[in-house]
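In: sequence and computational prediction follow.
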Amino acid sequence: MSSELRLKKLRGSGGYVMATINDEQQMKGNLGGPDLFLAPIGRLDSEIITKHFCNTCEKEYEGPPKIEYENPNEEVAENLILAEKGQYICNTCNSTLAEYREFKKQDEVQEVGAAKPLEIEPDVAPEPTIQEESQIIPEMQAQTSTHTTEPVVTEPTPTGSISSLEGLAVYDENAKKIGTARQVGIDSNQKMVLTIIKNDGVEGSVLWSSIGKVGDIILLGNATTTQVNLPGKCSNCGFENNENSKFCEECGTKLQ
């Protein structure tokens, strides 16, 4: 992979920065569209930022914005630690240009993307005692070797069989196929999401809470559900931005 540095525009929910980045950082900032985004890259060295633009000021400034961050080292899911969270802040009006979060695993230090799979260990029953074995074996012998059961459609729960979701077709509340399920994980807002491969081949995600039914397919909500547009919530990907944000930090869509 080339290590050539390039000056790029990196967008946030409240503005953008111009920074000289390498190929690896450019890949992190690419969410599948023509624009690059600052949040997936994380904290940049202020020395490589040449300019920043604030949506609130509606003005471009020379030099980097303020970068404030903290290291909570907070466990947000099983074997997943929130290692650092921070903000890019306008030097003039103190508006937030972009926010980021960086994660690592507890047992190995590595960067984790916006939605990585949760590893749920299966329940393991205790080994039976000798007395229990003497009762179990005759019961097992009395059962037939094969049996069939009717498929059951269940409500989705975080403790369900997550691995069984991979490859299932995902339909919206209007019964229109929007993609194929890939994996379950945690987004940058620490919310449980289902990552999918959309019909156009681009990766996306939906909030776990928006899933209505899971069976042979995955159905989102229902046709009678009233959608509430929360301030800052993106109508395209569902990401919950700050109330004052003008563009979605996750996908770059202009907010209403």
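Out: Structure's in. What do you need? Residues are numbered from 1 along each chain as shown.

In: isn't residue 165 up against residue 218?
Out: Yes - with contact defined as C-beta atoms under 8 Å, residue 165 reaches residue 218; the gap is 6.9 Å. Every residue, glycine included, has its C-beta placed from N, CA and C.

In: the two - which one has more neighbours?
Out: A count of neighbours by other C-beta atoms under 10 Å puts residue 218 above the other of residue 165 and residue 218, at 22 against 19.

In: may I have the beta-bridge partners of the more buried one?
Out: residue 170, residue 214 (DSSP bridges).

In: what sits against it?
Out: By C-beta atoms under 8 Å, 6 or more residues apart in numbering, residue 218 lies in contact with 156, 165, 168, 169, 170, 171, 181, 194, 211.

In: what do you get for residue 246?
Out: By C-beta under 8 Å, 6+ apart, the contact list for residue 246 reads 13, 14, 55, 254, 255.

In: check the last one and give its pLDDT.
Out: Here the pLDDT value assigned to residue 255 is 78.

In: and it, how many residues sit next to it?
Out: Residue 255 has 21 neighbours, counted by other C-beta under 10 Å.

In: isn't it right up against residue 240?
Out: No - between residue 255 and residue 240 there is no contact under C-beta under 8 Å: 10.8 Å.

In: overlap in contacts, the two.
Out: The overlap between the contact sets of residue 255 and residue 240 (C-beta under 8 Å, 6+ apart) consists of 232, 234.

In: may I ask which helix or strand of the chain has the lowest mean pLDDT?
Out: helix 130-142 (a mean of 52; mean pLDDT, DSSP states H and E).

In: who wins for neighbours among the contacts of residue 246?
Out: Among these, residue 14 has the most neighbours (other C-beta under 10 Å), with 28 neighbours.

In: any idea how far that one lies from residue 209?
Out: Distance, residue 14 to residue 209, using C-beta to C-beta, to the nearest Å: 26 Å.

In: all the strands of the stretch 1-150 of the chain, residue numbers only.
Out: 6-12, 15-21, 36-37, 49-54, 59-62, 66-70, 74-77, 80-89, 96-104 (DSSP state E, counting those that start in this stretch).
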